[in-house]
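K.L.:
Here is my input; please provide its structure:
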Amino acid sequence: MATLQLSLVIATFFLQLFSGAHSSTFTILNKCSYTVWPGVLSGAGTPPISPTGFVLQSGESTSISVPTSWSGRIWGRTLCTQDPSGKFSCLTGDCSSSTLECSGGGAIPPASLAEFTLNGAGGLDFYDVSLVDGYNLPMMISPQGGTGGNCTSAGCAADLNGDCPVELKVVDGSEGVACKSACDAFGDPQYCCSGAFATPNTCKPSSYSQFFKTACPTAYSYAYDDGTSTFTCAGADYAITFCPSPATSVKSSNPMAVDISSGGSHPASSALIGVAITTLAAIWRLWHLF
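P.N.:
Residues are numbered from 1 along each chain as shown. Prediction:
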């Protein structure tokens, strides 16, 4: 039995070696003018990484070693406090752990999410910044030293909280602190891409998702926004930056109607990342269900 186990270890090593599989370093930077408490959630079937929650003061950064073939998401929590009993909570992005570490808990919407699947199909890393669950702060993913694929920065540099449509806006007093997705705000299948709208052919961009897309053209704005929102790279480390510079404010047209686009697929063309990457993106969508 020991010989068999050793053989499996050796075989796995050489498979990873010749397939180009590698571990990565994530450098998480807080360029916001305020404190951010990042949270980390590992995907089902992938090894957890530590820590799962920590604090970054304005201007601080930290690095995390991420194992081979890891998948998961990273986000920023804001306006966090600890009550006299020691219970930790955050006004946006809270993971309901009641402690600094999220320990397997995901972000409560609305929250901007950096999502990864490393060493996926074709040996590529898949990554994106998703606003499908809403938005709470600007976030950008930048590959470091990678090659191949669509290996460029992705995310949202814009500050959307002030100009979020009023029916989506989360406020603390009179200040906007987050922006809900239309799905979270209304629960309508047309916005949630559920029920009869659970396919790319039936779920189209809405005026609400277009508010996010106009402000953040390389971030996911709704569930089937793959063409300009999924990025790939090989052999890279990654910088995840909160409040990347320059951050801009985008005025809202304050849409009130469903306004589901009547045309075909999302106006973005798969030519931006190639037919092959678009095909692989279908695999990526399945992972989003975890």
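K.L.:
Is the residue nearest to Pro244 when sequence neighbours are not counted bridged to anything, and to what?
P.N.:
Leaving aside its sequence neighbours, Pro244 sits nearest to Met140 (CB to CB, 6 or more residues apart in numbering; 4.1 Å). (C-beta placed from N, C-alpha, C; glycine too.) Note on Met140: beta-bridge partners Gly155, Thr241, judged by DSSP bridges.
K.L.:
Show me where the stretch 151-290 of the chain has its strands.
P.N.:
154-156, 169-172, 175-179, 231-233, 237-242 (DSSP state E, counting those that start in this stretch).
K.L.:
Is it possible to get TSV of the ones you listed that adds mean neighbour count?
P.N.:
Conversion of those to TSV gives the following (neighbours: other CB atoms under 10 Å):
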stretch	mean neighbour count
strand 154-156	26
strand 169-172	16
strand 175-179	20
strand 231-233	26
strand 237-242	23
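K.L.:
contacting residues around the residue nearest to Pro244?
P.N.:
For Met140, the contacting residues are 129, 153-157, 240-241, 244, by CB atoms under 8 Å, 6 or more residues apart in numbering.
K.L.:
what two of these are the furthest from one another?
P.N.:
The largest separation in those, counting by CB to CB, is between Ala157 and Ile240 at 13.1 Å.
K.L.:
ok so, going back, want to throw the strands of the stretch 151-290 of the chain into CSV with mean pLDDT?
P.N.:
Output for the strands of the stretch 151-290 of the chain, formatted as CSV (pLDDT from 0 to 100):
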stretch, mean pLDDT
strand 154-156, 96
strand 169-172, 96
strand 175-179, 96
strand 231-233, 95
strand 237-242, 98
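K.L.:
and Ser89, helix, strand or coil?
P.N.:
What DSSP: H, G, I helix; E, B strand; the rest coil gives for Ser89 is strand.
K.L.:
so how far is Arg73 from it?
P.N.:
Distance, Ser89 to Arg73, using CB to CB, to the nearest Å: 20 Å.
K.L.:
Looking at the two now, which is surrounded by more residues?
P.N.:
Taking other CB atoms under 10 Å, Ser89 and Arg73 do not tie; Arg73 has more neighbours (22 against 16).
K.L.:
Okay, and that one sits in which element?
P.N.:
Element membership for Arg73, per DSSP states H and E: strand 71-82.
K.L.:
ok, and the closest non-adjacent residue to Ser33?
P.N.:
Ser58 is the one closest to Ser33 (CB to CB, 6+ apart), at 5.6 Å.
K.L.:
any idea which element the one you found lies in?
P.N.:
Per DSSP H and E, there is no helix or strand for Ser58.
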